[in-house]
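Colleague: Here you go, sequence then predicted model.
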Amino acid sequence: MALIGGSGLESLLEGVQPLRIGTPYGPIKLQIGRIAETEVIYLPRHGEKHTVPPHRINYRGNASALKTMGVRRTIATNAVGSLNPDIGPSKLLVPLDVLDFTRSRPSTMYEGNPVVHVDMSQPFCPELREVLLEAGRQERVDIRDGGVIGCMEGPRFETPAEIKMLQHLGADLVGMTTMPEAVLFREMEICYATLAYVSNMAAGMQAKITTSEVTAVGEKVLRIVRRVLAKAIPGIPMEPSCECGRALRQATV
């Protein structure tokens, strides 16, 4: 089991030990510990001190390292902006779909032979999504089921025109890290779902966006995110009933 997120989530783990895993894409630093009786590998997406911008994250190295460690299930967290007036700051969601507008990031583990066309009809693992939603219900936390994330290149925030475009395409949220992460984990046949929290309204829906605002909201909602994850992770079934672990069976040419 793996958990991907920003600073503050590592406090969920007990008995934490650092790890350094070699991959074809470079070394990856991880932490390993336990949540209740579940062994969890924690991956700080932006580095230990949040020094890596979203467009420079070693997404392929991260996926490769967790595969090497034998991880089969991964829950991520994402700070996102809201494009929907009904979804305000501090709201939690378990997204259902994603629009990919990234452009400079390696987007596949399969650059040559074999040629792989992985199915993304369900970008997020349905079993993990239900585990997160059920954890929210048990903790009496209001978590919205569904929503579409528009993933942008970053590291800048979006323009109002870009936000209008995403709204017309059906996005509810905007972020910078869901892709290609979700695709790479599917190609590695690792279950993947994300718990998103709204840190701000998107460009054009508020006067301006500042990193201090995003950070402040994140710190406020992190306590609730930790509660949900602490309930969800021990409740993940040992044996998956989804198709994520068989994603390549009908994907290879």
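Modeller: Looks like it came in fine.

Colleague: okay, CA-based contacts and neighbour counts for the rest of this
Modeller: OK.

Colleague: Ile75: neighbouring residues, count only.
Modeller: Number of residues near Ile75 (other C-alpha atoms under 10 Å) recorded here: 23.

Colleague: ah, wrong one, I meant Gly146
Modeller: For Gly146, the neighbour count with other C-alpha under 10 Å is 13.

Colleague: tell me the mean pLDDT over stretch 172-188?
Modeller: The pLDDT scores in stretch 172-188 average 98.

Colleague: can I get the CA coordinates of it in PDB?
Modeller: Taking Å, rounded to 0.1, in the frame of the first residue of the first chain, the C-alpha atoms of stretch 172-188 are listed here in PDB:
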ATOM      1  CA  ASP A 172     -15.200  20.800 -12.000                       C
ATOM      2  CA  LEU A 173     -11.600  21.100 -10.700                       C
ATOM      3  CA  VAL A 174      -8.200  22.100 -11.800                       C
ATOM      4  CA  GLY A 175      -4.800  20.900 -10.700                       C
ATOM      5  CA  MET A 176      -1.300  20.200 -11.800                       C
ATOM      6  CA  THR A 177      -0.300  16.700 -10.600                       C
ATOM      7  CA  THR A 178      -3.000  14.100 -11.500                       C
ATOM      8  CA  MET A 179      -1.500  13.400 -14.900                       C
ATOM      9  CA  PRO A 180       0.500  11.500 -16.100                       C
ATOM     10  CA  GLU A 181       0.500  10.000 -12.600                       C
ATOM     11  CA  ALA A 182      -2.900   8.200 -13.000                       C
ATOM     12  CA  VAL A 183      -1.900   6.800 -16.400                       C
ATOM     13  CA  LEU A 184       1.500   5.600 -15.300                       C
ATOM     14  CA  PHE A 185       0.100   3.700 -12.300                       C
ATOM     15  CA  ARG A 186      -2.500   2.100 -14.600                       C
ATOM     16  CA  GLU A 187       0.400   1.000 -16.900                       C
ATOM     17  CA  MET A 188       2.200  -0.400 -13.800                       C
END
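
Colleague: just how off-centre is that stretch within its chain?
Modeller: 7 Å (C-alpha atoms, centre = their mean, to the nearest Å).

Colleague: ok, Ile190 to Pro240 distance?
Modeller: For Ile190, the distance to Pro240 (C-alpha to C-alpha, to the nearest Å) stands at 10 Å.

Colleague: Could you do Arg186 as well?
Modeller: Arg186 sits 14 Å away from Pro240, going by C-alpha to C-alpha.
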